[in-house]
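Visitor: Sequence and predicted structure are below.
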Amino acid sequence: MSIYNFSAGPAVLPQPVIAQIQAELPSFQDSGMSILEISHRSNLFEQVLHDAEQDLRDLLTIPDNYHVLFFQGGGTLQFTAAPLNLARHHRIGLLDSGHWAQRAAAEAERVGTKVHVLASGAETNFKQLPILARPVDQNLDYVHLTTNNTIEGTMTTALPNTGRVPLAADMSSNFLGESYQVSDFGLIFAGAQKNLGPAGLTIVIVRDDLIGHVDNLPSMLDYQLFAAKNSMFNTPPVFAIYAAGLVLKWLKQQGGLDTMVARNHAKAALLYDFLDQSRLFTNPVKTSDRSTMNVPFITGNTDLDNQVIQDAQEHGLVNLKGHRLVGGMRASLYNAMPLAGVQALVDYLDNFEAHHR
């Protein structure tokens, strides 16, 4: 029986990447040393780091005036790092699209940054994205945007007009799964554990004119220091960068970002089309705001939801339990989830519905 992992993260990885990791684990590049034990100062790892950055630049067409930094601490650490580095006047705007946007606001306020909520989806219980209805104060340091809301199942495709105020995007759950122009942002950050690799690595892409203006930052949160040290101020997450590098090469082999985005839209359409015609299952999100990465759905009966989750696991469809804040079910359709997995889920849900009307 095939196992399909619908976890929101840490999430499914491409099978060829897992196989390559397994094959190379005892001796990386015939060195006699595992990737788990090589020095981060070795030529072996320097090549890994260089290739990972270059492949990422190629896939996203990252302009030369942007730094690519490899951090630890997850996307959550960047909720603190971003205001420390970019909020020179201690005032930022925020589009409140749900849990992770609110977490970002709370962390910014902890370091003395005033957060102005420019729009909120709270009135719809975050079933649709906030709409920016008025011009943005041009004295703000930046506007924080969560491009994909893993819990609520919403995703931004049309970016808000913020004038000359830079956009800072938390792309953790649709990084490399949806297409954006890097030059439309001042800052992009993303935890790797959705579409890029195992937990432990965070990617930061930042425009060079926005950093280096704040003194005496904590070293491990200083974008300028990490840029100057090529992300090796301290020991970086060697294995996580290596694994992410393999995923980046796999993405290139698949045809690049455009190919993956088309596949993701096809997978999402397959599931949404079923949910929209179902008499048992529903997706609560406004159609135009639906995420292609994370699809929440419910029956309206908690006991029945739990039965779906348990029975699905017995059919090889695992990690469908919704986030504890919203309940129900959630299917995460990241890059490495094959279309066959989504078809298997739809077939299972259709069969379940036929026996529980």
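Guide: Perfect, I can see it now.
Visitor: hang on, isn't residue 122 packed against residue 96?
Guide: Yes: between residue 122 and residue 96 there is a contact at 6.5 Å, judged by CB atoms under 8 Å. For the C-beta atoms, the positions are set from N, CA and C on the backbone; glycine is no exception.
Visitor: Mind checking which of the two has more residues around it?
Guide: residue 96 (21 against 13; other CB atoms under 10 Å).
Visitor: Hmm, the more buried one is touching residue 132, no?
Guide: No: taking contacts as CB under 8 Å, residue 96 lies outside contact range of residue 132: 11.2 Å.
Visitor: shared neighbours of these two, anything?
Guide: In terms of CB atoms under 8 Å, 6 or more residues apart in numbering, residue 96 and residue 132 are both contacted by the residues residue 119.
Visitor: show me the contacts for residue 326.
Guide: 151-152, 296.
Visitor: Throw those into a markdown table and include pLDDT, neighbour count and secondary structure, thanks.
Guide: Output for the contacts of residue 326, formatted as a markdown table (pLDDT from 0 to 100; neighbours: other CB atoms under 10 Å; DSSP: H, G, I helix; E, B strand; the rest coil):
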| residue | pLDDT | neighbour count | secondary structure |
| --- | --- | --- | --- |
| 151 | 96 | 20 | coil |
| 152 | 97 | 29 | coil |
| 296 | 97 | 28 | strand |
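Visitor: out of these, which one sits closest to residue 317?
Guide: Compare each of the contacts of residue 326 with residue 317 using CB to CB and the shortest gap goes to residue 296, at 15.4 Å.
Visitor: Can I take it that residue 275 is in a helix?
Guide: Yes: Residue 275 sits within a helix when classified using DSSP: H, G, I helix; E, B strand; the rest coil.
Visitor: Excluding chain neighbours, what is closest to it?
Guide: residue 283 (4.7 Å; CB to CB, 6 or more residues apart in numbering).
Visitor: What segments of the protein are helices?
Guide: With DSSP state H, the ranges of helices along the chain come out as 15-24, 43-60, 74-86, 99-110, 223-228, 238-254, 257-277, 302-314, 339-354.
Visitor: Pick the most deeply packed of these.
Guide: Highest mean neighbour count among those (mean count of other CB atoms under 10 Å): helix 74-86, with a mean of 23.
Visitor: In contact with residue 334, which residues?
Guide: Here residue 334 is in contact with 11-12, 177, 194-195, 293 (CB under 8 Å, 6+ apart).
Visitor: go on, residue 59?
Guide: 176, 248, 251-252, 256-257 are the contacts of residue 59 under CB under 8 Å, 6+ apart.
Visitor: Which pLDDT value does the model give it?
Guide: With respect to pLDDT, residue 59 has a value of 98.
Visitor: how near is it to residue 196?
Guide: Between residue 59 and residue 196 the computed distance is 10 Å (CB to CB, to the nearest Å).
Visitor: joint contacts of the two?
Guide: 176, 248.
Visitor: could you point out where this structure is predicted with low confidence?
Guide: Residues of the chain meeting the criterion pLDDT under 70: 357.
Visitor: Show me how it divides into domains.
Guide: 15-254, 256-354 (automatic domain parsing).
Visitor: Can you say which of these is nearest to residue 3?
Guide: Closest to residue 3 of the domains of the chain is domain 256-354 (CB to CB; 4.8 Å).
Visitor: Straight-line length of the closest one, end to end?
Guide: Its start and end residues considered, domain 256-354 measures 39 Å (CA to CA, to the nearest Å).
Visitor: How far off centre is that domain?
Guide: Relative to its parent chain, domain 256-354 has a centroid offset of 18 Å by CA atoms, centre = their mean, to the nearest Å.
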